[in-house]
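Novice: Show me how the following folds:
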Amino acid sequence: MRTDDIRFLFAYDRWATRKVLAELEGVDEGAWGAAGVVGDRGLGSILVHHLGAHQRWRHGLSQSPEQPAPEDDPLPTPAALVTAWDTEWEAMDALLATVTDGWLEHRHEDVPLWQMLAHLANHGTQHRSEAAALLTEAGRSPGELDMIFFAEEVARSGG
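Specialist: The predicted model follows:
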């Protein structure tokens with residue numbers, strides 16, 4: 001896998017996550033703070049876990065000793081979660097700017113780093129799906145989240 005492929009995956013990940021986050025403004029507090037809806041999580045805790053996993057993987061790939069765990073903090077407001085994602089995306093952009101094709105081939109515990117990054121982007125798909133289902137049930141569908149719709153949008157924009 002090449003750096004352009006990884007950057008595409010993360011651009012898609014951001015695009016799809018933003019579509020989900022865009023539906024949070026004004027979401028019912030009961031729906032936001034519910035627990036035990038999908039496993040032991042509800043809408044808010046699903047999206048906080050998605051953020052926390054993203055942060056932890058980025059820190060690990062950057063060889064940072066920090067291990068953020070926003071899941072351990074009180075549930076943020078939807079607006080605060082959006083702000084936290086904006087901060088995370090900025091940090092991920094900084095990491096991705098340093099990635100080279102050679103770096104992607106390095107291995108950690110016999111797994112190429114590109115596969116770890118692909119896993120991270122794919123991990124978001126699961127939690128966006130869970131959140132999108134809950135939002136749709138509440139009449140707030142984020143719309144189509146499939147990667148092909150992102151790819152078509154990029155192609156139309158000439159990017």
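
Novice: Which residue would you name as the spatial centre of the chain?
Specialist: Gly124 (4.5 Å; Cα atoms, centre = their mean).

Novice: Just give the closest residue to that residue, not the sequence neighbours.
Specialist: Asp13 (5.0 Å; Cβ to Cβ, 6 or more residues apart in numbering). C-betas here are computed from N, CA, C, even on glycine.

Novice: got it, and Met1?
Specialist: Closest residue in space to Met1, ignoring its immediate chain neighbours: Trp114 at 4.2 Å, by Cβ to Cβ, 6+ apart.

Novice: check which helix or strand covers that neighbour.
Specialist: Element membership for Trp114, per DSSP states H and E: helix 113-137.

Novice: Next: Gly44.
Specialist: helix 43-61.

Novice: can you give me how far that helix is from the chain middle?
Specialist: Mean C-alpha position of helix 43-61 versus that of the full chain (Cα atoms, centre = their mean, to the nearest Å) differs by 7 Å.

Novice: helices or strands up against it?
Specialist: Counting contacts by 3 or more Cβ pairs under 8 Å, 6 or more residues apart in numbering; DSSP states H and E, helix 43-61 packs against helix 3-21, helix 29-33, helix 78-96, helix 113-137.
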